[in-house]
Structures are given as C-alpha cells and as structure tokens.
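Chemist: Give me a 3D structure for the following:
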Amino acid sequence: MTAILNKAHIICTEQLLNARPASLNKYSKKWHLAFVTIYCSRTLFSLVRNHNSKVSPIPDHIYLTIPPENDCFKIDETTLTDIVKKGNTENLRPIGGVNGVASSLQTSLDGGIKGGAEDIARRHEAFGSNTYKKPPSKSFFHFVLEAFKDLIILILLGCAALALGFGIKEHGLKDGWYDGGSIFVAVFLVISVSAISNYRQNRQFDKLSNVSNNIQIDVIRGGRRQQISIFDIVVGDNVCLKIGDQVPADGLFLDGHSLQIDESSMTGESEDVEVNSKKNPFLISGTKVIDGYAQMLVTSVGMNTTWGQMMSHVTGDKNEQTPLQVRLNKLTSAIGVVGLAVAFLVLLVLLVRYFTGNTTDENGNTEFNGSSTKADDIINAVVGIVASAVTIVVVAIPEGLPLAVTLTLAYSMKKMMADQAMVRKLSACETMGSATTICTDKTGTLTLNQMKVTKFWQGKEAMDGASSSISLFVVNLIHQGVALNTTGGVYRGSSGLEFEFSGSPTEKAILSWAVLDMEMDHEEIKRNFTILFVEAFNSQKKRSGVLIKKKEDNTVHVHWKGAAEMILAMCSNYYDASGVMKDLNGEERMEFKKIIRGMAASSLRCIAFAYKQVAETEEENVKEMKKLKEENLTLLGLVGIKDPCRPGVEKAVEDCQYAGVNIKMITGDNVFTARAIAIECGILWPGQDMDSGVVVEGEEFRNYTPEERMEKVEKIRVMARSSPFDKLLMVQCLKQKGHVVAVTGDGTNDAPALKEADIGLSMGIQGTEVAKESSDIVILDDKFASVATVLKWGRCVYTNIQKFLQFQLTVNVAALVINFVAAICAGEVPLTAVQLLWVNLIMDTLGALALATEKPTKELMKKPPVGRTEPLITNIMWRNLLAQAFYQVAILLILQFRGESIFKVTESVNDTLIFNTFVLCQVFNEFNARKLEKRNVFKGIHKNKLFLGIIGMTIVLQVVMVEFLKRFAGTERLNWGQWGACIAMAAVSWPIGWIVKCIPVPERPISNYLQWKKCT
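Modeler: Reported below is the predicted structural model:
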C-alpha cells in the first residue's frame, strides 16, 4: 500500500512539474511555481514519515527545472523585436540567419505556418496580436464641455444665474426660480442635443477609420496562399508582398526579387531602400513596396513594432474642415456681425426706455422711478434686458450651419459606405458634387476583372487551346515563361484534382490556361530552375522579365511577358507550331500586328511571350546592370484575354453624361481594345472616327505641345497605351481649363494623378495601399456604377446644405426684423429668451436633422455640375427666402401691434399667439425648403421617415410648450379657435412658396451685379 501511495505521489509530482497551461498568464504561472515547490516539499516529508528510516538531511535549497513559458518556440519575443529594430545582420548569425529564425518559429519557408486555430492561439499568447493600443475615444462629456466653451452660451448661463438669484430673492424659491431656471433648462437642452449629435458623428468616423485600416494581406498558411486581415497576422507568418503593398509587420526577407521599399514614412529618408537576403533582409512595418515582389517572415507584430508604437499615439483627430465648411463659417461670421449690431441696438433702446421711465410692469406701473427704485429691481430688469439681447444674438447667428454640414456629411458617408464607397477625406463628399469630368480606368472599373484566356496563337496559327498539336520544345518554353515569370501561384488541394490560382486577375487567367489547357506542372518547373534576376511588371513598362538557370545543364534563359505590341517590337524571330524558328521580317511583323489588332477589336487584351538563351558570362552583367536583354528575342506565342464589361456600366456612363459630366477612359491597353471597350460601355459611339481626336495614345498626347494639349484635351474620350504620367498630364490640363476632375486609380504609379485630381477615387479590391492612401474615396467594389453613385451623393450633400441654408436664413431675417422693430416701437421684445432658444433648437439641430438627411433623387442627375465659382446662395434661394421672411415679418408685426384688438385677447395671450405662429411658420417652411425649385414639395416625402418624425416631434413639443409649460416658457393656453388661427396663418407659407417658384430669376448671380456696379 505504501509503495502504491509513493508511486502516486511521484506521478502527481511529475505531472505538476511538466504542467504547461497555455491559458495561464504571467502571474498565474508564478503562483503555479510556488504551489509546485510546496507540494514537492510536503511529498518529501511524507516519504520520510512513511518509511521511518534515515534519510539525508533536507537541503535548505530546492532546485526545480520549470519549462520556459514559450517552450514550443526556441526564440523569445525580445530577441525577435531587437533583430529588426537594430537592423544588424550580425545579430542574425548566432541564431542561424533567417532560416534559423524560421525554424525557431516553426515556420516552413515554402508552406508557412500550419494556421490551425490552436497554432494561431499559441502564437498570440507567445508574441501578441497585430493590433495596437488606441488613444481613448472622446467621451460624451468631452463634447458637452466643448459646447460650454461657446461664448454666447456662457453669457446666457451668466444671465440665467443672475435672473435665478434675483428672482429667488424677490419672489422666494417657490416662484422666483422660473425665469432663470427656464433659461438654464433651455440652454442645457440646446447643449445636450448638440453634444449628442457631435458624439454620434465622432463614433461613426471612428468606425469608418477601423474599416479603412482593415487591409487585406496575402499570406501562405499550410502551403496555401490566402487573404487575411492585417489584424490577423501572427509572428511566423509567411507574407507575400507586391508593388504598392504596405508592409504589415516587422519581418525578414525570405525570398523575392528587385524589392524596393519606401521607408520615408518611418525614417524620413526619401530614397528607396533595396531589401534582399544578403545585405539588408529587414522589413519595417508601415513602409511601402515601390518595386519588385517578395515573401517575408513576420518577427514582430502590434505594439512590438515601431509602427504600432507610433500609431498608438496618433489620435486621428484632424479637425478637418471642408471647403464648404470654410465658406459657411465666413457666412456665419458675416451674419453674426449683423446680429450683434441688431442686438446692441435693441439693448441700447431697451435700456434707454427703461431708465427714462417708458416701461411698465404687468400691473401697468412704471418700472423705473429714479432713486425710489430698489437696486435689486434695477439689476433684475437690466439682467432681463441683457438676456433678451444675448438671445437675439443666439437666434441671429446661424450656428446650425456647421452642424448641418457635419450631419449631412456624416449621414452621406454612412450611406455611401452602404453603396460601396468609403470616404477618406470629408471634402471629397461635397467636391464630387461639382465634378465636371471623370477620368476612369478600364480594367476592373468598367470591366468585371474576371479574366479568361479565350484565344491562343502559336506563330501565325490560331490554336484550339490544347498543347498536343504544338512542338513539345515550344510548349516547355511557354511553361517556363508562365511558371517562373509570375507573381501568382498555383495551389493543389488535398484531393489532387482541383487547383487554386492566386495573384492578379491577369496572372490567374494565364496560370489557369497554362495548367488546365497546356498541362503545365508548376511545382516541377520551380524545382528544375533557379531564378537569377527579375524585372517586375509595372504600369509604365507594361511588361515583366525573368532570368533563369536550368539546374540540369546550367543553361541560362531570359523570358519576357507583356503587352503584345511591345514584346513583338523586341523580337527578331518566332517559333511556329512545329517548333521551327523563323525570321520576323517586315511582312511577317505586319501579319502579327494584324493578328493583335483583330484580337483587340474583339475586346481582348493581348499578351505575348518571348525568350532568348543567353551566355553564362552575361549572367553577372545582368545582375550588375540590373537590366535584362530586350532585343533579338524569339516570340513564343500570343494569348487573348477576355474581360467582359460590368453589367449596368453602360447605364451608369449614360447617367453621368446626362448629368453633364464628361467620361474619359484612360487605359494601358492598345488603342483597338480600348476603342472596342469604350463603344461597349457607351463612352464612344460606333460611328465615331478614331482620326477625329477622340481616341489617342499616351505617347501621342505626351508629345503634343502645351498649346495643342490644352486645345485637344476636352475632345479626347479615350487614351490608350497610357502611362501614369500621361494620366497626370491630362488631369493637370483639365484643371487648367477650369474642370473639376475626378480620377480613378489602382496602382502605385497612379498616386500622383490621384493627389493632383480634385477627387481621387482608388479601387478597394485591386487598388494598392499606396493608391488608397493617395485617394479621397475608396470604391470598395471597384465598379464604375459606384463612382456614379458617389457623384449623386456629392450633389445631394451640396443641395441639402443649400436647403438648410435657405430655411435658416429665413428664420434669421424674420427673427431679427421682428425683435428690432418691436424693441424700437413698443420698447419690448415679443419673444422671451426661452422662446427664442426653443426656436434656435428647431432651426439648428432639428432643422439640420430634417433637411440634411434627404436622400439623392433622380432630379439631381438632370442638372449641370455646380461650378467652382458659383455662389452658395443662388438667386433661386434669395427669391424663396426673402418671400417667406417678408410674409413672416408682416404677419407677426400685425399680431404685435393689432393682435390684441383683432383676437380680443390680453397682452400675454397675444405674445403666445406671436410665438406659436412664428414656430408653426418654420414648421410649414421646412416643407418648402425640401425643394428649392420644384413646386410639389411633398414628392417623395413618405420615404424620409426622419423628416416626418422630426416635424411630428416639433409639433408635439410646441403643444407642450404652449399648453403645459406656462411658467417655464412664459406662455398662456390657447383655445381651439386660436390654434386654428395660428395654423391657418402659418399654412399660408405653402401657397406663397408655390406662387413664388413660378417667378423666373436671372441666371447671373446677384453678387455679379454688385461687382459690376462697383466697377462702373
């Protein structure tokens, strides 16, 4: 029995010693170690007692071998972090170089990590996740405090505090708190609504920022290439990098060619850095790939990278102001000056009238009787007068304009996100509404980007796709050119039957054709050849090349692949189907050009393959010169790749053209393919002659004189065989001609044109990170229809701001005139501070919500674009707002001076009638503001539930203010007849709005007439 117990003790001890609980944190493991120590000690004592025999004295130290925390990995987090941060190759040698690091991280150089859930969890625990700590988001109370910083609000609060103090002193707590307390409540209500709106908008921008940062990265896991989120990358991952990619974490160069990195974002150095396996294998997160391609081994993620530490201190609060917001701020300041002047005059008049004894209290007694008037009464009266004057300023200054812009931008950004457009810069929302020209790419934007090889020409013969009828020698050369001159990959599933192809759509189409139709064994070719040098494809060269050596006989070949005309120009021979090499003389060359032109006319993208065997001695020259042989090549074959037009693209192009926006297609394809696609999309008409100047090649446009470019640029509809420089040149010419230009782009080399354009539109699927960072809006689905949607939303933003501006200026003009005239003539302001604050709330927040959230309509796309210099307040808006303001002033002044006799009511009831009619006029006028030009203001109103909800809420709150908050709002209850009269007077706004919109207005802005008069 004793033996059994002893054995049990030993087993338990062994289990405790070998325990490696992956889920325990750092502190739990220390407790676990202490427990093991105590348990082992107790076990030893127990054994002594049970055996009752002499044992050696127990030492005062007990040595335990506890497995390291990350015993599954042979390298720790600190060592990995220091490798890249120090950037010294000497630090790699003791670990066994890059291969040693990969082995320590249990990463296969070819297959990557296993990638199972357990494997990912172990790596997260050992090295952390690829996320960084963000500064805390602004809380709701931050926006409340921001609202309190408004000077006008502070003055009102001061007046409210004084009114509250003197009111309580004069009338006691029970009745004296109403005046001051009601102002307090009204101010806090305005602040709360403003803070809630700003807080929600800030939260929405945070969400959009998270989506923007969620970049998709190519990795190899379990031998399979796949796309994952940048946040899911773990230490040990094998990441595939290509031109335009952002390096997602710190790491080491595994394999690749001609890799050039832009480290300016991290180091400030403008020169590109070459990364290779010998001298500089270090890759820093946050940098950009400028040229070449590579695979990298991730060594540090998240907060262990320099990028992560830097981003953790970036708040993302740019306080960006759009051009429209700047213009509105100037307008607000101008109106504010007028409001201050009116308020000062009102203050002066009311003070003079008070101190000259021309004002009376509720009982008809003179308020100021010289020295017999109490000091408290004087101060209380002065505070009331100051509060009224300040409140006039509150109503006069259209503070709701910036809020309306923010609301409509935030609303449109949210809706545009649902329509596959992510706004990176707020100004792009409104600028897009003014766009006069859109320069668009072809591939992936106008077309589906679902490419397939449909034609194959070997020599001058069209083949059926099968390789059996072609010389085996030529087939092998084509296999080599496809398998080794590519940035794509082929993965064969465990069943061995299905293939998965990765890379760009063009690469996938060629690989698919070579594997499935030409029976290419990708893996075998890679095993039999060594890649010596690579010239990566970019949109300027339009071709890629590779220098390879066959392991069996050390023969060296150069292979080229790219645009058919360019590759053809580099060739002096070609192989026919039987494998016979023939000279490519002038007549033969013309035959091939006809073949290329024929495929292009069928909307096919033409790709050619060529090769040349070079002497071994030239291998070193190539590596030193970093340039492959480009002459005297032998043409291996031509393929035609079909990329169908996107469904609905013709309708989207037609909509844009109908809206007065010119569409120009800029593509790298040859002129015949470009023309065929342009006709298919509706950019060109079938009968248009190519010689008329609507279709040009990039080189031709580039070689024009500046005067010729400016003369012809507007006429051009298609530019073929263009480089990124040609696109930039076109954008600059169009802007000089006064156009507002939007440009789409997806490549790294498109960045200059995207930055130069008024609106840069990058592609979310095919676009590189460099292109996305240079753009203002990311089109998430790469569709041209989404570009047309962005145009519609841009116009909607601008129109919604104009609607709100017209509505608010009507209230401003009416409120200022009424208060000023009443103060001068009657010596009192008809609307109390609380009532004016309520009107301010209706205008600023509720009005902005109602009018700034109108959705785009078809009518928006029937108008010409808004020009750069067109005034924000148009003649149509002046006509509408002045008519409504004149009516409101007239009806309210009649009520002010004749209301008591007309309705046979007391002064307090008449003041309530004025207040109620004024508010209801704004409610009815909100309907008029929905349509600036259309007489039917109710069209589509059922679709805007938010508008109807706000109108309903405003009416309900107004009823509560009048009927139930007498002491708070300074109102009297109204009977049914009086309510009916108020509604009838306010409803006249509708027929007035209908009649006024029949009056024509001059197209020339009023401001132009004023400038002309000044000149004369």
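Chemist: Need the three-state assignment for residue 293.
Modeler: At residue 293, secondary structure determined by DSSP: H, G, I helix; E, B strand; the rest coil is strand.
Chemist: In contact with it, which residues?
Modeler: 240, 241, 242, 243, 256, 257, 258, 259, 487, 534, 536 (CB atoms under 8 Å, 6 or more residues apart in numbering). For every residue, glycine as well, the C-beta is placed using N, CA and C.
Chemist: Mind putting the residues you listed into JSON lines with pLDDT and secondary structure?
Modeler: Below are those laid out as JSON lines (pLDDT from 0 to 100; DSSP: H, G, I helix; E, B strand; the rest coil):
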{"residue": "240", "pLDDT": "92", "secondary structure": "strand"}
{"residue": "241", "pLDDT": "90", "secondary structure": "strand"}
{"residue": "242", "pLDDT": "86", "secondary structure": "coil"}
{"residue": "243", "pLDDT": "82", "secondary structure": "coil"}
{"residue": "256", "pLDDT": "86", "secondary structure": "strand"}
{"residue": "257", "pLDDT": "83", "secondary structure": "strand"}
{"residue": "258", "pLDDT": "80", "secondary structure": "strand"}
{"residue": "259", "pLDDT": "87", "secondary structure": "strand"}
{"residue": "487", "pLDDT": "85", "secondary structure": "coil"}
{"residue": "534", "pLDDT": "87", "secondary structure": "strand"}
{"residue": "536", "pLDDT": "83", "secondary structure": "coil"}
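Chemist: most neighbours, which of these?
Modeler: For those, neighbours were counted using other CB atoms under 10 Å, and residue 259 has the most, 28 neighbours in all.
Chemist: Spatially nearest residue to it, not counting backbone neighbours?
Modeler: Using CB to CB, 6 or more residues apart in numbering and skipping the chain neighbours, the partner closest in space to residue 259 is residue 292 (4.0 Å).
Chemist: And residue 422, what's its pLDDT?
Modeler: Per-residue pLDDT puts residue 422 at 86.
Chemist: Check for me that it belongs to a strand.
Modeler: Yes. Under three-state DSSP, residue 422 sits within a strand.
Chemist: Tell me how far residue 473 lies from residue 510.
Modeler: According to CB to CB, to the nearest Å, residue 473 stands 20 Å off from residue 510.
Chemist: Likewise for residue 470?
Modeler: 16 Å.
Chemist: Show me the helices in the stretch 251-400 of the chain, by range?
Modeler: 264-267, 306-311, 323-355, 375-396, 400-418 (DSSP state H, counting those that start in this stretch).
Chemist: just checking, what packs against the third one?
Modeler: Right, the one you point to is helix 323-355. On a contact count with 3 or more CB pairs under 8 Å, 6 or more residues apart in numbering; DSSP states H and E, helix 323-355 meets helix 375-396, helix 400-418, helix 427-432, helix 784-826.
Chemist: Name the residue in residue 473 and residue 510 with the higher neighbour count.
Modeler: residue 510 (25 against 10).
Chemist: low-confidence ranges in the stretch 451-600 of the chain?
Modeler: Counting by pLDDT under 70, the stretch 451-600 of the chain contains low-confidence ranges at 465-468, 493-497.
Chemist: Which stretches in it count as strands?
Modeler: Shown for the stretch 451-600 of the chain, the strands assigned by DSSP state E, counting those that start in this stretch span residues 452-458, 461-463, 489-492, 499-502, 529-535, 543-550, 556-563, 571-575, 581-583.
Chemist: and the last one, what other elements does it pack with?
Modeler: Contact partners of strand 581-583 among helices and strands, from 3+ CB pairs under 8 Å, 6+ apart: strand 571-575.
Chemist: what do you get for the second one?
Modeler: Helices and strands in packing contact with strand 461-463 are listed as strand 452-458; criterion 3+ CB pairs under 8 Å, 6+ apart.
Chemist: repeat that for 10 Å
Modeler: For strand 461-463, the elements it packs on are strand 452-458, helix 586-601, strand 633-642, judged by 3 or more CB pairs under 10 Å, 6 or more residues apart in numbering; DSSP states H and E.
Chemist: In a markdown table: those, plus mean neighbour count and distance to residue 173.
Modeler: Below are the helices and strands packed on strand 461-463 laid out as a markdown table (neighbours: other CB atoms under 10 Å; distance: least, CB to CB, whole Å):
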| stretch | mean neighbour count | distance to residue 173 |
| --- | --- | --- |
| strand 452-458 | 20 | 84 |
| helix 586-601 | 16 | 89 |
| strand 633-642 | 23 | 85 |
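Chemist: Dump those to JSON lines, plus distance to residue 784.
Modeler: Shown next, in JSON lines, are the helices and strands packed on strand 461-463 (distance: least, CB to CB, whole Å):
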{"stretch": "strand 452-458", "distance to residue 784": "21"}
{"stretch": "helix 586-601", "distance to residue 784": "21"}
{"stretch": "strand 633-642", "distance to residue 784": "18"}
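Chemist: what's the closest of those to residue 612?
Modeler: strand 633-642 (4.9 Å; CB to CB).
Chemist: and the direction of that closest one versus that of strand 543-550, what angle?
Modeler: Orientation check (axes from the mean of the first three to the mean of the last three CA atoms, to 10 degrees): strand 633-642 against strand 543-550 gives 130 degrees.
Chemist: how about whichever helix or strand comes after strand 633-642: buried residues?
Modeler: Following strand 633-642 in sequence order, the next helix or strand is helix 649-658 (DSSP states H and E). Neighbour-count burial for helix 649-658 flags 649, 650, 652, 653, 655, 656 (criterion: 16 or more other CB atoms under 10 Å).
Chemist: which of these lies closest to residue 464?
Modeler: Nearest to residue 464, judged by CB to CB, of those is residue 649 at 31.4 Å.
Chemist: which residues touch that closest one?
Modeler: Contacts for residue 649 (CB atoms under 10 Å, 6 or more residues apart in numbering) come out as 440, 445-448, 677, 680-683, 783-785, 787-788.
Chemist: Residue 282 too?
Modeler: 83-89, 92, 250-253, 261, 273, 275, 296, 299.
Chemist: which among those end up buried?
Modeler: Buried among these (16+ other CB under 10 Å): 83-85, 92, 250-253, 261, 273, 275, 296, 299.
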